[in-house]
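Novice: here is my input; please provide its structure:
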Amino acid sequence: VQLVESGGGMVQPGGSLRLSCAASGFTFSNYGMRWVRQAPGKGPEWVSGISTGGSVTSYADSVKGRFTISRDNAKNTLYLQMNSLKVDDTALYYCARSVGTWSADYWGQGTQVTVSS
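Specialist: Prediction:
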């Protein structure tokens with residue numbers, strides 16, 4: 001199993017970024033997926049999750065209305081569109097393969113998102 005995130009970077013408050021997560025080594029369409037972030041000095045924070053087919057999505061209150069999770073099962077790729085970014089969104093963002101509702105068993109290496117003026 002391999003998960004490789006990309007698309008992070010530095011952006012000003014109010015800006016946008018689109019993260020991608022390329023999956024390989026397993027049948028991507030059989031698994032729910034999620035994004036988790038970790039800010040400096042803080043524990044991991046679940047950001048968003050998506051069902052196998054993409055029809056069911058969920059978001060942390062902190063990002064609801066600003067972030068959109070999606071997936072392309074034909075391309076084995078997970079996405080996170082982040083709009084109206086805030087300084088508090090600064091973190092290392094990981095994609096992970098979901099196991100049940102509350103757990104994940106494989107994680108990527110993370111992509112850094114920095115929101116700063």
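Novice: this protein: strands as residue ranges?
Specialist: For the chain, the strands defined by DSSP state E cover 2-6, 9-11, 17-24, 33-38, 44-50, 57-59, 67-72, 77-82, 91-99, 103-107, 111-115.
Novice: in its sheet, what does the last one sit against?
Specialist: Strands adjacent to strand 111-115 in the sheet, as given by DSSP bridges, are strand 9-11 (parallel), strand 91-99 (antiparallel).
Novice: ranking those strands by burial, who's on top?
Specialist: Highest mean neighbour count among the strands paired with strand 111-115 (mean count of other C-beta atoms under 10 Å): strand 91-99, with a mean of 21. To be clear about C-beta, it is placed using only N, CA and C from the backbone, and glycine gets the same treatment.
Novice: hmm, who's touching that strand?
Specialist: 1, 3, 5, 8, 19, 21, 23, 26, 31-40, 44-45, 47, 49, 78, 80, 104-113 (C-beta atoms under 8 Å, 6 or more residues apart in numbering).
Novice: just the buried members of these?
Specialist: Buried by 16 or more other C-beta atoms under 10 Å: 3, 5, 8, 19, 21, 23, 31-37, 47, 49, 78, 80, 104, 106-108, 110-111, 113, out of those.
Novice: now render the strands of the chain as CSV, adding mean pLDDT.
Specialist: Listed next are the strands of the chain as CSV, based on pLDDT from 0 to 100:
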stretch, mean pLDDT
strand 2-6, 98
strand 9-11, 98
strand 17-24, 98
strand 33-38, 98
strand 44-50, 96
strand 57-59, 97
strand 67-72, 98
strand 77-82, 98
strand 91-99, 97
strand 103-107, 94
strand 111-115, 98
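Novice: give me the neighbour count for Asn76.
Specialist: Neighbourhood size, Asn76 [other C-beta atoms under 10 Å]: 16.
Novice: just want the most central residue of the protein.
Specialist: By C-alpha atoms, centre = their mean, the chain has its centre lying nearest to Trp35, at 2.9 Å.
Novice: so how far is Tyr59 from the spatially closest residue to that one that is not a sequence neighbour?
Specialist: Leaving aside its sequence neighbours, Trp35 sits nearest to Val47 (C-beta to C-beta, 6 or more residues apart in numbering; 4.3 Å). Separation of Val47 from Tyr59 (C-beta to C-beta, to the nearest Å) stands at 7 Å.
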